[in-house]
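K.L.:
Predicted model and sequence follow; I will ask about them next.
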Protein chains: 2
Amino acid sequence: MSFGELSTPTLLLEKTKLIANINKLDLRLSTLSTPLRPHLKTCKSARVAELIPNITQNGITVSTLHEARYFLDNGHTDILYAVSIAPQKLTQIKQLQDQGASMTLILDTLEAAKMVAQSSEELQAVFPCLIEIDCDGKRAGLPPQAPEIVEIAAFLNEQSGTQMKGVLSHSGGSYYCQTIQELQEMAEQERISITTAAQRIRNAGLPCPVVSAGSTPTATYAATLEGVTEYRAGVYVFQDMVMEALGVCQTNDIALSILTTVISHNKSGNRLIIDAGSLALSTDPGKKNRLGEPHYGCVCDATTGQPIDGLWVTSTNQEHGLISLDNSNRSLTDFPIGTQFRILPNHACITAAAYPGYHILDDQVPPAVIDYWDRSNGW
Amino acid sequence: MSFGELSTPTLLLEKTKLIANINKLDLRLSTLSTPLRPHLKTCKSARVAELIPNITQNGITVSTLHEARYFLDNGHTDILYAVSIAPQKLTQIKQLQDQGASMTLILDTLEAAKMVAQSSEELQAVFPCLIEIDCDGKRAGLPPQAPEIVEIAAFLNEQSGTQMKGVLSHSGGSYYCQTIQELQEMAEQERISITTAAQRIRNAGLPCPVVSAGSTPTATYAATLEGVTEYRAGVYVFQDMVMEALGVCQTNDIALSILTTVISHNKSGNRLIIDAGSLALSTDPGKKNRLGEPHYGCVCDATTGQPIDGLWVTSTNQEHGLISLDNSNRSLTDFPIGTQFRILPNHACITAAAYPGYHILDDQVPPAVIDYWDRSNGW
């Protein structure tokens, strides 16, 4: 299928930018002497995963058991399921183990640890676990000085059905940083938080071989990762407008976009209407644009992929996207009905999940569609 | 599969509430003597569609060509594609016609009408069209007094490849109403807008047999639909928290929910963490709750389906939902890890699109899973 024959809305992935993003972070973490355990919740694609250097040795991170099954089917056996385990899911974890997966779980309460230990007996399984550490107060995990950390570590270590494997943190707070310096400080805050927790466990005479941290913004700006044994990042493979707003990438690095078509001109509102709306772009609000305004994506020329100054998706309904021309020097007649755009998404992880796969583009102008790669959506 | 065996997050649909919602609006529109042409963009389900009275006679509305193909495969032939047509999609429309569909298109510019006429020659097809009328300034369509309306109607009428079939409006502005009275006024505003446009076309000696209007809120509160030949509504089959906030339904009418599991307790933040996040619930902000706060869903007991006072999904990440207990009289220990909830979604159309289908529940407590119905997601 040629680029011009694609039916809109649809998902595009530029292979050259994808590979450049992958290799850039690989080089950065190599320089910091820390292995990358990529978080595949963004791409959910075996074809993207196979481009990531050393992925077989370093292992992978997933956010759903559906991803775990899919990547196991595609030959990835060392799998970190980086969402707190619910007791109801342990039967599925055991099935994955029986099919050859080396599964690592996470938890942050003694209650959960006890449930895992109990299920391990019923299921005749051993479950390796990391204790989640909270480095920024944004979501889950125990504060680095919490007494429960050592208590849980001791419990996991003494039970026959659980294995105390280490600690894990996620610096989601990096998404709220305003400057590069704040991102560097957040990276260091996470490093200190998690290595402090690991040291407390070791000081108690307990094992803590794995110290797993990370996010794309901190991976990009961390000055040192001393004491961290693996780093996780996910959205870096595609990048998106949130990463651009944070200073983590340039617009031109963003490999993922949505192809859309102008379907109407609304003269009274001075806006274009496109066939990419809330489902095609997601309703993730992302970050404000350079004009300080909320938006649902950056509008680019479909052929060149270059942003069109002043054009943003200003609002969405289910299958309608609205592009106001008020802040541009363009008029409706510049974009006849049938004109196509590429939209750079706010949050690649969420937008991509609306599609069963990617149309892979080369870097020609106009691009050629060189392949189609599937995704593993759902649960 | 029993209710207790469902893996979370997953999508639930209560059949008794669904049928009650369907029959309630059917009765209401019968009283107003206006046929309902249901908008199937919400349910995207043939099994839901077959519960709607007179659907074969009245025809259906869709928002994507994927829906059109799916419903045609399921025996629905009278299909209104209620999103402005792009010229690139006419080949697919012709394919649907060749497979037995009676397709009606919409447009709101002379430019689009000319493109459709030109394609009709190339494709050896005739395309029936409605002209979209703007009744509230919120999205698309021509204002009722716009000179272009008669111009487009005349063009569609005189071309051999197009058929001037009527006018269409959507009162999306009803979603911004604050009171029932405002909803009634919006319904009347839409009725006057579209019947005015229709009359202007007829006054010019042109045909305008179809006058198609609607939204779930205005369908619920319109005092009269005189002059309107068909009404469209979609979300009414499920209802959701946006409809509840508008006064269109009660919480207890909402038939759609997400089953989720408590996966962690975050003591420092006094919040529960559940395994339904941005993908499982969507990031649609909906309306503020009774406390005047933004939220991502109303938390209900999994077994009874009844709301738990003061519990709302307060924020989401990709696979994490956070439920703050700050505004409740509950403590973390009231909800052990492994506790399950049903979440009533903000915007049913968007939330349901994350799932391939529905687990159908009966109205027992605890419910039984009596069926599984698929959906037609994507484009």
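P.N.:
Great, that's in hand. Residues are numbered from 1 along each chain as shown, chains lettered A, B, ... in the order given.

K.L.:
How much space separates A:D326 from A:N23?
P.N.:
40 Å (CB to CB, to the nearest Å). Bear in mind the C-beta positions are built from the backbone N, C-alpha and C, glycine included.

K.L.:
A:G227 too?
P.N.:
26 Å.

K.L.:
got it, and A:T61?
P.N.:
A:T61 is 19 Å from A:N23, by CB to CB.

K.L.:
Of A:D326 and A:N23, which one has the most company?
P.N.:
A:N23 (13 against 9; other CB atoms under 10 Å in any protein chain shown).

K.L.:
what's the helix or strand for that one?
P.N.:
Per DSSP states H and E: A:N23 is located in helix A:15-31.

K.L.:
helices or strands next to that helix in the packing?
P.N.:
Under the contact definition 3 or more CB pairs under 8 Å, 6 or more residues apart in numbering or on different chains; DSSP states H and E, helix A:15-31 sits against helix A:216-221.

K.L.:
Kindly list the main-chain dihedrals of the closest residue to A:M115 other than its chain neighbours?
P.N.:
Excluding the flanking residues, the one nearest A:M115 by CB to CB, 6 or more residues apart in numbering or on different chains is A:P87, at 4.2 Å. Torsion angles at A:P87 (phi, psi; degrees, to the nearest 10) stand at phi -60, psi -30.

K.L.:
A:P87 touches B:P336, doesn't it?
P.N.:
No. Applying CB atoms under 8 Å as the test, A:P87 and B:P336 come out as separate, 9.5 Å apart.

K.L.:
More neighbours: which of these two?
P.N.:
For A:P87 and B:P336, the more surrounded residue by other CB under 10 Å is A:P87, and the numbers stand at 18 against 14.

K.L.:
Tell me the residues of the stretch 101-250 of chain A that contact chain B?
P.N.:
By CB under 8 Å from any CB of the partner chain, the residues of the stretch 101-250 of chain A that approach chain B are A:107-109, A:111-112, A:115, A:132, A:134, A:137, A:139-141, A:143, A:172.

K.L.:
of these, closest to B:P38?
P.N.:
A:R139 (40.0 Å; CB to CB).

K.L.:
helix/strand/coil for A:I194?
P.N.:
Secondary structure, DSSP: H, G, I helix; E, B strand; the rest coil: A:I194 is helix.

K.L.:
Read off the pLDDT value for it.
P.N.:
pLDDT, A:I194: 98.

K.L.:
Convert the strand ranked longest in chain A to CSV, retaining C-alpha atoms only.
P.N.:
Longest strand in chain A, counting residues (DSSP state E): strand A:256-266. Taking Å, rounded to 0.1, in the frame of the first residue of the first chain, the C-alpha atoms of strand A:256-266 are listed here in CSV:
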residue,chain,number,x,y,z
LEU,A,256,5.1,8.5,15.8
SER,A,257,2.3,10.4,14.1
ILE,A,258,-1.3,10.1,13.0
LEU,A,259,-2.2,10.6,9.4
THR,A,260,-5.5,12.5,9.1
THR,A,261,-7.6,14.2,6.4
VAL,A,262,-9.2,17.6,6.4
ILE,A,263,-13.0,16.8,6.1
SER,A,264,-14.5,20.3,6.5
HIS,A,265,-13.9,24.0,6.7
ASN,A,266,-15.8,25.8,9.5
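
K.L.:
what distance separates it from the centre of its chain?
P.N.:
Chain-centre distance of strand A:256-266: 25 Å, with CA atoms, centre = their mean, to the nearest Å.

K.L.:
how far off helix A:15-31 does that strand point, in degrees?
P.N.:
Here strand A:256-266 points in a direction 140 degrees away from that of helix A:15-31 (axes from the mean of the first three to the mean of the last three CA atoms, to 10 degrees).

K.L.:
Strand A:256-266 pairs with which strands, and in what direction?
P.N.:
Neighbouring strands of strand A:256-266 in its sheet, by DSSP bridges, are strand A:10-14 (antiparallel), strand A:271-274 (antiparallel), strand A:340-344 (antiparallel).
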